[in-house]
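J.: starting from these lines, generate the structure:
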Amino acid sequence: MQPRKILVVDDSKLIHKMFEVLLRQYSLVHAYDGLEALENLGRHAEIDLILLDINMPRMSGLEFLNQVKANASFEAIPVVIISTEGKEEDTIRGLEAGAAAYIKKPFGNQELLEVIQRL
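T.: Here you go, the predicted model:
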């Protein structure tokens with residue numbers, strides 16, 4: 001099943017604009033840090049997928065991911081980490097925290113679309 005509504009969590013406005021163009025077939029909900037993302041999850045119960053950066057102000061991506069996976073209402077939503085943090089230990093830490101996939105920035109458009117299709 002294709003996701004219909006995707007929560008984009010990243011502190012870069014440029015990334016949000018890029019996703020608007022690349023993922024125009026989906027409905028996007030935007031958040032610029034983990035706290036705003038948690039608020040948006042509460043308001044948009046129909047979110048099917050989360051695209052998540054790691055390094056953000058107020059609440060990091062991993063802190064957000066831990067809260068999502070600890071909440072029975074949200075734990076089944078697949079999370080794709082998209083980050084400049086690309087060391088093997090960063091990838092392992094993200095996947096162990098419950099991410100379904102980890103994509104290193106910069107990434108190819110096709111790579112992202114294939115991961116979304118797979119999930």
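J.: quick one: buried residues of the lowest-mean-pLDDT helix or strand in the chain?
T.: When the helices and strands of the chain are compared on mean pLDDT, DSSP states H and E, helix 88-96 comes out lowest with a mean of 83. Within helix 88-96, the residues that qualify as buried are 90-91, 93-94, counting by 16 or more other Cβ atoms under 10 Å. Where C-beta positions appear, they are placed from N, C-alpha and C, glycine not excepted.
J.: ok, which stretches of this protein are helices?
T.: Per DSSP state H, the chain carries helices over the ranges 13-22, 34-43, 61-70, 88-96, 109-118.
J.: hey, least reliable of those by pLDDT?
T.: Among those, helix 88-96 carries the lowest mean pLDDT, a mean of 83.
J.: how about stretch 99-118: buried residues?
T.: Quick answer for stretch 99-118 (16+ other Cβ under 10 Å): 99-103, 112, 115-116.
J.: no wait, stretch 12-21
T.: Buried-residue list, stretch 12-21, by 16+ other Cβ under 10 Å: 15-16, 19.
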